[in-house]
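Participant: Sequence first, predicted coordinates after that:
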Amino acid sequence: MNMDKDIIEQVLQIARDAGDKIMEIYQDDSVDFELKDDGDNFISPLTKADTTASDVIVKGLAEISELPIVNEENELSHTIYAGEYWLIDPLDGTKEFIKKNGEFTVNIALVKDEQPEFGVVYAPALDTIYWTDDENAMKQIGDGDIEQINVREPDPDNLVAVASRSHVNEETQNWLDEHNIAEKISRGSSLKFCLVAEGVADYYPRFVPTMLWDTGAAHAIVRAAGGVVIDQDTDKPLIYKLDQLKNPSFVCKSA
């Protein structure tokens, strides 16, 4: 699909519209949720915000594109096999949404030939949006200036890693200890990738299970910013194969 300026603007608006619906529910005093099985024994919480945002995104993408949509919240879509498709997580970081710490995102990616070619990550509670534009990665806070973002050159004496706020295990901690990490930042959702993309952190190691829709949009942004996401099993860039929805362990890094 040709991601021209008009299409990009429409996808950005779809992400913002989904974020608006999420925020309407976020304002409630409490958030009701249930647990769902995403497959392969991967259990995650589900809220009304997930399903409402899903409806907005699916409707919006269907109006601008005929490509299939692989959607976390639609189990039937998980059996789609296509060379090019939309990959969406309507509410990434549902645990952070439930905790009301603001660190949740709307993720929309376009995947082609097993790689994320385009991505939008919108954090509605922070009113911050990241996306890819041609071959660049961009960021905007509120109605502020749009800025191009890039990974930074790592300083071996001052390495910074970002890790999950809710999913740090012993393997992750061992990796941090072994790589001379001077500072660790905790974040929820796909915002961890974005901190690497904008040069705030050098690494994001992930050794707790994630699904393709958790990573696709932010992975595209990291790629456009000059970074890489490496599969720890193959030591090659992470790929998106729809017959394997669960990601292997990976490390997102600036170089």
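Facilitator: Now that the structure is in, tell me what you want to look at. Just so we're clear, the structure is a prediction, and the values are computed from it rather than from any experiment.

Participant: I'd like to know which elements the host helix or strand of Met138 is packed against.
Facilitator: Under the criterion DSSP states H and E, the helix or strand holding Met138 is strand 136-141. For strand 136-141, the packing partners by 3 or more C-beta pairs under 8 Å, 6 or more residues apart in numbering; DSSP states H and E come out as strand 128-133, strand 147-149, helix 212-225. For every residue, glycine as well, the C-beta is placed using N, CA and C.

Participant: you'd agree Lys241 is up against Glu114?
Facilitator: Yes: shown here, Lys241 and Glu114 form a contact pair, counting by C-beta atoms under 8 Å, at 6.0 Å.

Participant: Which one's more surrounded, the two?
Facilitator: Glu114 (12 against 9; other C-beta atoms under 10 Å).

Participant: how many other residues sit next to the residue lying closest to that one once chain neighbours are set aside?
Facilitator: Spatial nearest neighbour of Glu114, excluding adjacent residues (C-beta to C-beta, 6 or more residues apart in numbering): Ile239 at 4.4 Å. When neighbours are defined as other C-beta under 10 Å, Ile239 has 17 of them.

Participant: Same check on Asn169?
Facilitator: 12.

Participant: Check it and give its pLDDT.
Facilitator: As summarised for this prediction, Asn169 has a pLDDT of 80.

Participant: contacting residues around the strand holding Met138?
Facilitator: 126-132, 146-150, 194, 197-198, 221-222, 224-225 (C-beta atoms under 8 Å, 6 or more residues apart in numbering).

Participant: coming back round to it: look at the residue nearest to Glu114 and tell me its secondary structure.
Facilitator: Judged by DSSP: H, G, I helix; E, B strand; the rest coil, the three-state class of Ile239 is coil.

Participant: Fine by me, we can end here.
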